[in-house]
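**Q** Requesting a structural model of the entry that follows:
(2 chains)
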Number of protein chains: 2
Amino acid sequence: MARKFVSEAVISRLFIYLRELSELTKVNINTISSAELGERANLNDALVRKDLGYFGQFGVSGSGYNTRELRRALEKILGKDKIWNVAVAGCGHLGMALLAYPGFKEHGLKLVAAFDSDPEKIGKRIEGISVRPIGQMSKIIAGKDVSIGIVAVPQKAAQDVAVKLVESGIKCILNFAPVSLDVPDDVKVKDVDLSRELETLSYFLANPR
Amino acid sequence: MARKFVSEAVISRLFIYLRELSELTKVNINTISSAELGERANLNDALVRKDLGYFGQFGVSGSGYNTRELRRALEKILGKDKIWNVAVAGCGHLGMALLAYPGFKEHGLKLVAAFDSDPEKIGKRIEGISVRPIGQMSKIIAGKDVSIGIVAVPQKAAQDVAVKLVESGIKCILNFAPVSLDVPDDVKVKDVDLSRELETLSYFLANPR
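**A** Got it, this is the predicted structure:
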């Protein structure tokens, strides 16, 4: 099926539906209506139906969705039926925090390579992975079927590292450096600015309830 | 003025407008229309006017917004005209990465206290701050006018730490632990799940352009 353009907001909601469906199948609930699924997700039922409608016809009118079928369909749509190999560039505190993050494995992500430019870090083992020089990235990544590259280097090194990830064949980059990366059109970059998460908090401080 | 309920999406966009206005005032552009501001922010002009309309009457019909006035107004609305003191609970890699994050200072946030339960970390200095025992949190925070608490401890310790932050008078928590914190209604919690940021990437891998 030719995929329509789907926004990140829709995709984020599909993950919410998937989490709810996983809970439901665990407790052997076999069907759910869009209204019930929406209620669990704090979203209205029309939005649930619209979001799922981008990807096909799932429910049966009047009897709702089969929870197992919908879960499997969403897993496939969202790429959650596979393990994706991840490489981290930058093994400072941020890189180390990411490597140790328990959620990685739960989300089907497997760390297979870690890179740093600091000679003192090269050769160290982190979460079972040996840190390698950034200069060897292409060679090392080539043999490992890496799908996602994480940029966890300081701002001034980020663009160079992104170029190396792209040269290594990576099509998906998660960028923690507070800088806009210049990459080819077929490479997806997701920026995460940790300080922006804090930023909205100042509004709530300035406007207490 | 009594504040209407304003969603986080609106607040996020106000920060975008503020960044654009800061750029404009830096290069001495004194007025801008909602259409031009929208174009810079990749948003339509009706949305710009609606977002700003929650907070008052800013532009003059036909001549647009005074960039300096609107910048100052947004800074005040968003709490960016002040410095907010921040305490970090948990000085593992994640806490350390946050402490070293350059964006903090830029966003008007000042780290004033850091806590950990590991005796080996107590007394160490991180970014000029001495790490103190979590048990002394209330006493230490009491003298420092701390507005934001960051939970950067492992999942199993997160709720206990949140309780201690609340007992210390903190009304705003940024939570990096993958767990839902139980806090009183007057405490604002913002959850940041780093693995969720990665999650949406698997969709793009499964559905390449």
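
**Q** So what does the residue sitting furthest away from the middle of chain A look like in phi/psi?
**A** No residue in chain A sits farther from the centre than residue A:62, which is 34.1 Å out by C-alpha atoms, centre = their mean. The phi/psi pair for residue A:62 (degrees, to the nearest 10) reads phi 90, psi -30.

**Q** how near is it to residue A:73?
**A** 20 Å (C-beta to C-beta, to the nearest Å). For glycine as for every other residue, the C-beta is placed from the backbone atoms N, C-alpha and C.

**Q** same question, residue A:57
**A** Residue A:57 is 10 Å from residue A:73, by C-beta to C-beta.

**Q** Could you break chain A into its assigned domains?
**A** A:8-77, A:84-196 (automatic domain parsing).

**Q** helices or strands up against the longest strand along chain A?
**A** As assigned by DSSP state E, the longest strand anywhere in chain A is strand A:109-116. Applying 3 or more C-beta pairs under 8 Å, 6 or more residues apart in numbering or on different chains; DSSP states H and E, one finds that strand A:109-116 makes contact with strand A:84-89, helix A:93-99, strand A:129-133, helix A:137-142, strand A:146-151, helix B:194-206.

**Q** Count the neighbours of residue A:130 for me.
**A** Neighbour count for residue A:130, taken as other C-beta atoms under 10 Å in any protein chain shown: 12.

**Q** So the residue nearest to it when sequence neighbours are not counted versus residue A:141, what's the distance?
**A** Nearest non-adjacent residue to residue A:130, counting by C-beta to C-beta, 6 or more residues apart in numbering or on different chains: residue A:123, 6.3 Å away. Relative to residue A:141, residue A:123 is positioned 18 Å away (C-beta to C-beta).

**Q** and if you look at residue A:76?
**A** From residue A:76 over to residue A:141 (counting by C-beta to C-beta), the distance is 26 Å.

**Q** who has more neighbours, those two?
**A** Legend: neighbour count by other C-beta under 10 Å for residue A:76 and residue A:141, higher for residue A:141 (23 against 13).

**Q** Could you pull up the residues touching that one?
**A** A:87, A:113, A:165, A:168, A:169, A:170 (C-beta atoms under 8 Å, 6 or more residues apart in numbering or on different chains).

**Q** contacting residues for the second one?
**A** Going by C-beta under 8 Å, 6+ apart, residue A:113 touches A:85, A:87, A:88, A:129, A:132, A:137, A:140, A:141, A:144, A:146.

**Q** Also the first one?
**A** Taking C-beta under 8 Å, 6+ apart as the contact definition, residue A:87 lies against A:111-115, A:137, A:141, A:144, A:146, A:148-150, A:165, A:168, A:170.

**Q** mind checking pLDDT for it?
**A** The model reports residue A:87 with a pLDDT of 95.

**Q** Settle it for me: which of residue A:57 and residue A:73 has more neighbours?
**A** When residue A:57 and residue A:73 are compared for neighbours, residue A:73 comes out ahead with 20 against 8, by other C-beta under 10 Å.

**Q** now the strand or helix carrying that one against helix B:194-206, angle please.
**A** Using DSSP states H and E, residue A:73 sits within helix A:67-77. Angle, helix A:67-77 to helix B:194-206, by axes from the mean of the first three to the mean of the last three C-alpha atoms, to 10 degrees: 80 degrees.

**Q** Go ahead and name everything in contact with helix A:67-77.
**A** With C-beta under 8 Å, 6+ apart as the criterion, helix A:67-77 contacts A:14, A:17-18, A:21-22, A:24-25, A:29-32, A:52, A:55-56, A:58-59, A:80-81, B:203, B:206-207.

**Q** Please indicate which of the residues you listed are buried?
**A** A:14, A:17-18, A:21, A:24-25, A:31-32, A:52, A:55, A:58-59, A:80, B:203, B:206 (16 or more other C-beta atoms under 10 Å in any protein chain shown).

**Q** how many neighbours does residue A:88 have?
**A** Using other C-beta under 10 Å: residue A:88 sits among 28 other residues.

**Q** That one reaches residue A:100, doesn't it?
**A** No. Contact criterion C-beta atoms under 8 Å: residue A:88 and residue A:100 do not qualify, at 11.0 Å.

**Q** Tabulate the contacts of residue A:141 (a markdown table), appending distance to residue A:197.
**A** What follows is the contacts of residue A:141, written out as a markdown table (distance: C-beta to C-beta, whole Å):
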| residue | distance to residue A:197 |
| --- | --- |
| A:87 | 24 |
| A:113 | 27 |
| A:165 | 24 |
| A:168 | 29 |
| A:169 | 31 |
| A:170 | 25 |
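
**Q** show me where pLDDT drops low in chain A?
**A** A:1-5, A:195, A:209 (pLDDT under 70).

**Q** redo that, cut-off 50
**A** A:1-2 (pLDDT under 50).

**Q** got the angle between the longest helix out of those in chain A and helix B:194-206?
**A** With secondary structure taken from DSSP state H, chain A has its longest helix at helix A:8-26. Going by the same axes, to 10 degrees, helix A:8-26 is angled at 100 degrees with respect to helix B:194-206.

**Q** what's helix A:8-26 in contact with?
**A** With C-beta under 8 Å, 6+ apart, helix A:8-26 has contacts from A:32, A:37, A:40-41, A:43, A:47-48, A:51-52, A:54, A:67-68, A:70-71, A:74-75, A:77-78, A:80, B:196, B:199-200, B:203.

**Q** Give me the ChimeraX select line for those residues, limited to the buried ones.
**A** Per 16+ other C-beta under 10 Å, the buried members of the contacts of helix A:8-26 correspond to this ChimeraX selection:
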select /A:32,37,40,41,43,48,51,52,54,67,70,71,74,75,77,78,80 /B:196,199,200,203
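
**Q** where's the nearest residue in space to residue A:202 that is not next to it in sequence relative to residue A:127, distance?
**A** Excluding its sequence neighbours, the residue lying closest to residue A:202 (C-beta to C-beta, 6+ apart) is residue B:79, at 3.6 Å. For residue B:79, the distance to residue A:127 equals 38 Å [C-beta to C-beta].
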